[in-house]
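>>> just need the structure, nothing else, for what follows:
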Amino acid sequence: MSNHLEQTLVLFKPDALQRGLVGEILTRFERVGLRIVATKMLAPDHQHYYKHYEEIGTLKTRAGDKIFDITLQMMSAGPVIAMVFEGVEAVALVRKMVGATEPKSSAPGTIRGDYSHMSYGYADDAEKGIPNLIHASGDPAEAEKEINHWFSGDEMFDYQALHEKFTR
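Numbers count the residues shown, from 1 in each chain. Below you'll find the predicted structure:
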């Protein structure tokens, strides 16, 4: 891959599946020219999420036990769909499309801005997590670690997409 061609992990969280929004969200990624190189549906255990959110993402270290526990509880509310997308500067592109972690702060036109609305204040008062539909890798180094955590090499695919002459 060139320096600009990247892969990034996206998790469709339980709230995205339960609300029936996976297709609409996936369509946005495909329309912008990202290529799906891996996908699967699963219900990870606590240890899998611990590695993802703390050993790779340092959520517990940064935000504390309460936020970490609420996040793992939300993620365990149902299955998730894990996907790897590939494209030119895919990590930053996906982050821009997704919007801010807090849905209330996400701009209209972003996934979270269009399909979720909860604020940190409300979630804190209600002592609940923020249903923000998807997880997206924060930077290329994190993306590489997350992809290796969620997928083995034989679960990744390379193929030619017809639109690549316009998107690469």
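
>>> all strands for this protein, in order.
Assigned by DSSP state E, the strands in the chain fall at 5-12, 35-42, 80-88, 134-136.

>>> what's near enough to touch the residue nearest to Leu9 when sequence neighbours are not counted?
Leaving aside its chain neighbours, Leu9 sits nearest to Glu146 (4.2 Å; criterion: CB to CB, 6 or more residues apart in numbering). Using the backbone N, CA and C atoms, a C-beta is placed for each residue, glycine as well. Shown in contact with Glu146 (CB atoms under 8 Å, 6 or more residues apart in numbering): Leu9, His52, Ile56, Ser137.

>>> ok, 10 Å please
7-11, 51-52, 56-57, 82, 84, 135-138 (CB atoms under 10 Å, 6 or more residues apart in numbering).

>>> how far away is the spatially most central residue of the chain from Asp154?
Nearest to the mean C-alpha position of the chain, by CA atoms, centre = their mean, lies His135 at 2.4 Å. From His135 across to Asp154, the span is 23 Å (CB to CB, to the nearest Å).

>>> and for Leu9?
17 Å.

>>> for the two, indicate the residue with more neighbours.
Legend: neighbour count by other CB atoms under 10 Å for Leu9 and Asp154, higher for Leu9 (26 against 7).

>>> thought Phe85 was touching the more buried one, still the case?
Yes: counting by CB atoms under 10 Å, Leu9 does reach Phe85; the two are 8.2 Å apart.

>>> since we're on Ser105, how many residues are nearby?
Residues lying near Ser105 (other CB under 10 Å) number 13.

>>> wait, doesn't Ser119 sit right on Lys128?
No: when contacts are counted by CB under 10 Å, Ser119 is not listed as touching Lys128 (11.7 Å).

>>> all helices for the chain, in order.
Along the chain, counting by DSSP state H, helices occupy 14-18, 22-31, 46-50, 59-63, 65-75, 90-98, 111-115, 120-126, 140-150, 164-167.

>>> what comes up buried for the fifth one?
Residues of helix 65-75 classed as buried under the neighbour-count rule (16 or more other CB atoms under 10 Å) are Ile67, Phe68, Ile70, Thr71, Leu72, Met74, Met75.

>>> now do it: distance to the chain's middle.
Distance, stretch centre to chain centre, for helix 65-75: 16 Å (CA atoms, centre = their mean, to the nearest Å).

>>> for His117, which non-adjacent residue is spatially closest?
Spatial nearest neighbour of His117, excluding adjacent residues (CB to CB, 6+ apart): Pro103 at 5.2 Å.
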